[in-house]
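> My questions concern the predicted model and sequence given below.
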Amino acid sequence: MPSRSRNHAGWLTRAAAAGLGLALASGCGILRPGRHVDRQAPPPAEVARAAAAAPEPSPPPPDAGAATAGDAAAAPRSLSDLVDRALTRDPSTRAAWQDARAAAAQAAGRRSLRLPGVGASADLDRSRSGGAQGRAISIETRASVGASLSWLLVDLTRGALIDEGDRLAAAARLGEHAAVADLVLRVQETYFQYLAARALVEAETAAVTQAETSLAAAEGRRRAGVATIADVLQARTALSQVRLALQQVEGQALSLRGALATLAGLPPMAALEVGVLPARVETRAAEPVIEELLARAQARNPDVAQAQALADAARARARAASRAPWPVLSLQAGAGRSWPVTDEEGGGPLGDGTTTWSAGLSLTLPTFTGLRPVYEVLAARAAADAARARADATGQRVALDVWTSFQDLRTAGRRVETARDLLESATASAAVAGGRYQEGVGSILDLLTAQAALESARAEEVRARADLLVAVARLARASGRLELPPPPDAANPEESPAP
């Protein structure tokens with residue numbers, strides 16, 4: 001099977017760029033004994049290609065986390081680029097991929113239990129006899145060849161073990177899907193949070209400029225004799241406060257940039273130019289139907305499917321343990337030929353060779369072997385019941401995640417609309433307060449209060465937009481399907497739609 005390589009990320013990125021989205025989570029159909037894993041959705045590109053060819057895996061990059069000249073030349077420019085780089089460099093998804101390969105190989109090994117075993121042997125012996133009580137000494141060299149066949153015809157535990165291997169392979173593949181989906185969600189969350197932090201830096205920078213303007217106005221009015229030193233001190237205090245807020249959001253932006261660069265396999269200090277937070281997001285169009293989301297989550301979420309596959313594997317293991325005391329029927333066959341090679345003087349053969357063969361059925365009926373098999377059956381059944389309970393718990397948890405993410409999405413949508421209205425009102429109020437203060441009919445306290453409200457409204461509006469985008473990504477992960485949003489329009493970011 002091919003290894004996880006850049007082809008995996010490239011396939012995902014091309015799908016996102018074409019508008020098809022990133023379909024990472026898929027449900028697992030009911031497995032039938034002796035059959036391969038059945039899926040409701042196509043697996044990643046490597047798994048699909050592995051059905052047609054199985055070349056030797058290529059080794060992973062020698063240092064996936066190190067930045068090279070090629071990395072600098074191919075710096076990420078969008079969310080798709082970040083996902084592409086993360087998928088090719090993240091060690092957790094690479095380990096999950098290798099686990100899936102190992103489980104698939106183990107399942108194939110168990111299916112080979114249906115095949116017969118064939119062996120061959122060849123011997124060359126030299127023996128000496130005689131030399132006692134006047135008997136002549138005889139030295140003989142003898143050669144022999146043989147073949148054996150062993151075929152397990154009836155073993156009621158074999159089918160259960162094969163079923164267990166198939167379900168464990170399905171669980172491993174679904175675990176790889178879940179690891180990829182979790183990685184993409186982490187990239188999306190960090191990406192939107194980083195864009196929000198940059199937008200907050202811009203908003204706080206504007207607040208600093210506004211506070212500096214207010215301080216200059218207060219100092220001018222004091223020099224004109226129409227204001228007191230208290231107005232200047234209040235304006236300076238407000239300027240220091242917004243500068244502190246600016247420094248705080250600048251530090252947050254740098255931290256998030258380092259986290260995003262690390263996810264993409266770059267050094268934390270790497271500079272990233274990956275766009276800006278969309279200024280306009282459509283809130284109503286982003287609300288799906290909760291019933292459809294819950295049904296999709298139960299069918300497509302990889303966590304649910306993986307838990308179900310593990311429960312099926314435990315049930316197959318319990319079935320194999322309960323059938324261990326049953327009889328086993330096997331076919332045993334063999335054939336051979338031996339002949340003398342030379343005598344002690346090196347002459348020709350001493351006689352003709354002999355041919356032997358045998359064939360028969362062997363029925364093995366276990367008798368009393370202690371109480372250990374009984375307790376193994378009890379333990380296997382208890383483990384199967386526990387696995388089924390964990391699968392039910394996983395289904396409940398995923399349903400709650402879908403419900404919670406859905407409510408977070410609705411709340412974020414309402415917050416965006418309310419934050420827009422708040423920002424418009426705060427902007428108008430700050431403009432009026434500034435004009436009144438310039439005309440000498442307003443106080444510095446009214447001006448600073450209006451500017452603080454405007455600063456808070458700007459920050460709240462930025463956070464609301466970012467929270468909406470994060471809520472969309474989390475709902476997509478919980479419902480079993482992650483999709484990359486279209487990149488913002490570079491020419492007109494104001495009209496960028498919601499993902």
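Right, received. Where do you want to start?
> give the contact list for Asp123.
Residues near Asp123 by CB atoms under 8 Å, 6 or more residues apart in numbering: 143-145, 338. C-beta here means a position set from N, CA and C on the backbone, and glycine is covered the same way.
> at 6 Å instead, please
With contacts defined as CB atoms under 6 Å, 6 or more residues apart in numbering, the neighbours of Asp123 are Ser144.
> so where's the chain shaky on pLDDT?
1-74, 130-136, 282-288, 342-351, 481-499 (pLDDT under 70).
> can you give me the helices for the stretch 201-350 of the chain?
Along the stretch 201-350 of the chain, counting by DSSP state H, counting those that start in this stretch, helices occupy 229-263, 290-300, 302-322.
> how about a markdown table for those helices, with distance to Asp90 added?
Output for those, formatted as a markdown table (distance: least, CB to CB, whole Å):
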| stretch | distance to Asp90 |
| --- | --- |
| helix 229-263 | 7 |
| helix 290-300 | 22 |
| helix 302-322 | 16 |
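> so which of these comes closest to Ser429?
Closest to Ser429 of these, according to CB to CB: helix 229-263, at 15.6 Å.
> Mind giving me the packing neighbours of the closest one?
For helix 229-263, the helices and strands in contact under the criterion 3 or more CB pairs under 6 Å, 6 or more residues apart in numbering; DSSP states H and E are helix 156-223, helix 444-478.
> Please repeat the previous calculation with a cut-off of 10 Å.
Helix 229-263 is packed against helix 79-89, helix 156-223, helix 444-478, with contacts defined by 3 or more CB pairs under 10 Å, 6 or more residues apart in numbering; DSSP states H and E.
> any idea how far that helix is from the chain center?
Per CA atoms, centre = their mean, to the nearest Å, the displacement of helix 229-263 from the mean C-alpha position of its chain is 36 Å.
> closest one to Ala103 among the helices and strands packed on helix 229-263?
Once the helices and strands packed on helix 229-263 are compared by CB to CB, helix 156-223 is nearest, at 3.6 Å.
> quick one, the closest one and helix 229-263 angle?
160 degrees (axes from the mean of the first three to the mean of the last three CA atoms, to 10 degrees).
> which ones are touching Ser358?
Listed by CB atoms under 10 Å, 6 or more residues apart in numbering, the contact set of Ser358 reads 148, 332-336.
> Turn those residues into CSV, including distance to Pro76 and neighbour count.
Supplementary listing: the contacts of Ser358 in CSV, determined by distance: CB to CB, whole Å; neighbours: other CB atoms under 10 Å:
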residue, distance to Pro76, neighbour count
Ser148, 61, 15
Gln332, 63, 13
Ala333, 64, 16
Gly334, 65, 16
Ala335, 67, 14
Gly336, 68, 18
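> Tell me which two of the residues you listed sit farthest apart.
Once CB to CB is applied, these give Gln332 and Gly336 as the farthest pair, at 13.8 Å.
> Now list whatever residues contact both of these two.
What both Gln332 and Gly336 touch, as defined by CB under 10 Å, 6+ apart, is the set 148, 358.
> Can you show me the strands along the stretch 351-499 of the chain?
Counting by DSSP state E, counting those that start in this stretch, the stretch 351-499 of the chain has strands at residues 354-364.
> how much space between the nearest residue to Ala270 once chain neighbours are set aside and Thr427?
For Ala270, the nearest residue in space outside its immediate sequence neighbours is Ala261; the separation is 4.4 Å by CB to CB, 6 or more residues apart in numbering. Using CB to CB, to the nearest Å, one obtains 35 Å as the distance from Ala261 to Thr427.
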